[in-house]
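> I'll drop the sequence and a predicted model, then ask my questions.
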Amino acid sequence: MIRSVIAAIVLAVAIAPPAQASAGEVYVALGDSAASGPLVPDQVVPDLGCWRSNRNYAHLTAGAIGAATFRDVTCSGADTGDMYSAQGTDLGSVPPQLDALSQDTTLVTVQIGANDVGLTGFIEDCLNLLPPPVGDACNDDYTENGQDAWRIKTDALRPKLTALVADIRTRAPRARIFVVGYGTYAPPNGCYPRVPIIKQDANYIRATLQYFNRALAEQAAAAGVAFIDLQTPSTGHDPCTSAGTRWIEPYVPASPATPFHPNARGMRGFADAVITAVSGA
């Protein structure tokens with residue numbers, strides 16, 4: 001009986017109209033490749049060099065809330081600097097992402113920071129086709145004088161995030177702002193050799209991403225805006241899971257997506273989290 005009641009509540013929430021979002025929303029999506037959806041069908045114009053999908057979570061969110069105006073300027077390779085300056089891509093330059101904001105913007109999602117600290121490259125650096133003792137673990141390569149290089153980079157990012165939120169608020173004073181975190185890229189102990197990252201490195205990647213997401217959440221709170229957790233809903237949908245279950249593809253993708261990036265299923269799952277947050281459901 002209890003399970004039936006819970007199921008009914010979940011269904012009611014799923015079909016209920018948004019509590020906060022309105023049909024008049026002017027929604028701007030900012031971010032990097034985790035938000036843009038590189039190689040997820042269909043890639044859209046303009047700015048093909050940004051590898052932006054019409055099924056990324058921002059597009060799905062805009063449709064779900066019935067946004068009156070939607071501007072998606074997410075772009076693969078973007079870092080916080082590209083919020084303010086033109087970003088070069090393989091197919092030409094694109095304007096600063098903050099240029100998409102206006103006085104009438106009412107909703108902003110921003111997922112940024114991974115490229116500032118080099119997290120994608122870090123995961124790829126830890127790929128190990130041969131286990132120890134032939135292959136070396138990567139986690140100890142990032143410790144200098146007893147300090148973790150990735151945590152140092154993450155902590156250096158904190159003031160940039162606070163300043164970015166303030167600048168978004170200045171350009172879009174009416175907007176509700178949501179900082180979006182990153183998903184789960186490794187389960188405890190990994191799944192070597194299916195994903196060729198050995199146990200200690202998988203745990204290191206996991207801890208590093210958890211620290212990074214905590215930093216994003218803390219800076220969002222410090223700036224007085226909301227944080228959307230994608231790590232929790234993507235648990236059990238990491239690159240180690242089956243092709244029909246995973247939201248984030250491994251080094252050799254089985255679905256159209258860039259390695260260690262969300263596939264279409266993942267974008268749908270992340271959209272559910274974003275829709276719930278921005279609608280106040």
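Sure thing, it's come through.
> how about the nearest residue to Ala273 once chain neighbours are set aside, what does it touch?
Nearest residue to Ala273 in three dimensions, chain neighbours excluded: Pro233, at 5.0 Å (CB to CB, 6 or more residues apart in numbering). Quick note: C-beta positions are derived from backbone N, CA and C, even for glycine. Pro233 makes contact with Gly269, Phe270, Asp272, Ala273, according to CB atoms under 8 Å, 6 or more residues apart in numbering.
> residue contacts, the second one?
Okay, so that is Phe270. Contacts of Phe270 (CB under 8 Å, 6+ apart): Tyr57, Gly183, Leu230, Pro233, Ser234, Trp247, Pro262.
> Not counting the helix or strand hosting Tyr27 itself, show me its contacts.
Using DSSP states H and E, Tyr27 maps to strand 26-31. For strand 26-31, contacts defined as CB under 8 Å, 6+ apart pick out 35, 56, 58, 61-62, 65, 67-75, 78, 83, 97-98, 100-102, 104-112, 168, 172, 175, 180.
> Let's see which of the residues you listed end up in strands.
Thr69, Phe70, Arg71, Asp72, Leu107, Val108, Thr109, Val110, Gln111, Val180 (DSSP state E).
> Tell me the bridge partners for the third one.
In this structure, Arg71 has the following beta-bridge partners (DSSP bridges): Val28.
> now it: how far from Ala114?
Using CB to CB, to the nearest Å, we find Arg71 at a distance of 22 Å from Ala114.
> Check the second one too.
According to CB to CB, Phe70 stands 23 Å off from Ala114.
> Compare neighbour counts for the two and give me the winner.
Ala114 (23 against 17; other CB atoms under 10 Å).
> what sits against the more buried one?
Asp32, Ala34, Thr120, Tyr182, Phe212.
> Look at it and report its pLDDT.
Here, the pLDDT recorded for Ala114 equals 97.
> re the thing from before, just checking, the residue nearest to Ala273 is part of a helix?
No - Pro233 sits outside any helix when classified using DSSP: H, G, I helix; E, B strand; the rest coil, being coil.
> Looking at the closest residue in space to Phe260 that isn't next to it in sequence now. What's its pLDDT?
Excluding the flanking residues, the one nearest Phe260 by CB to CB, 6+ apart is Ile123, at 5.3 Å. With respect to pLDDT, Ile123 has a value of 88.
> and if you look at Pro46?
pLDDT, Pro46: 84.
> what packs against the lengthiest helix in the chain?
If each helix of the chain is counted by residues according to DSSP state H, the longest one is helix 199-223. On a contact count with 3 or more CB pairs under 8 Å, 6 or more residues apart in numbering; DSSP states H and E, helix 199-223 meets helix 119-125, helix 149-171, strand 176-180, strand 226-228.
> Contacts for the second one next, please.
So the one you mean is helix 149-171. 30, 80, 83-84, 98, 101-103, 105, 108, 110, 112-113, 116-119, 122, 142-143, 175, 177, 179, 208, 211-212, 215-216, 218-220, 222-225.
> Which of the residues you listed are buried, as a PyMOL select command?
Selecting the buried subset of those in PyMOL, with 16 or more other CB atoms under 10 Å as the burial test, is done by:
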select buried, resi 30+80+83+98+101+105+108+110+112+113+116+117+119+122+142+175+177+179+208+212+215+216+219+220+223+225
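> Assign a three-state SS to the residue nearest to Asp90 when sequence neighbours are not counted, would you?
Nearest residue to Asp90, sequence neighbours excluded (CB to CB, 6+ apart): Gly49, at 5.1 Å. Put simply, Gly49 is helix when judged by three-state DSSP.
> from what I can see Gly49 touches Ala78, true?
No - using CB atoms under 8 Å, Gly49 makes no contact with Ala78, being 11.3 Å away.
> between these two, who's got more neighbours?
More crowded of Gly49 and Ala78, by other CB under 10 Å: Ala78, with 28 against 17.
> Tell me the pLDDT of the closest residue to the more buried one other than its chain neighbours.
In space, and not counting its chain neighbours, Ala78 is closest to Asp32: 4.4 Å by CB to CB, 6+ apart. What the model reports as pLDDT for Asp32 is 98.
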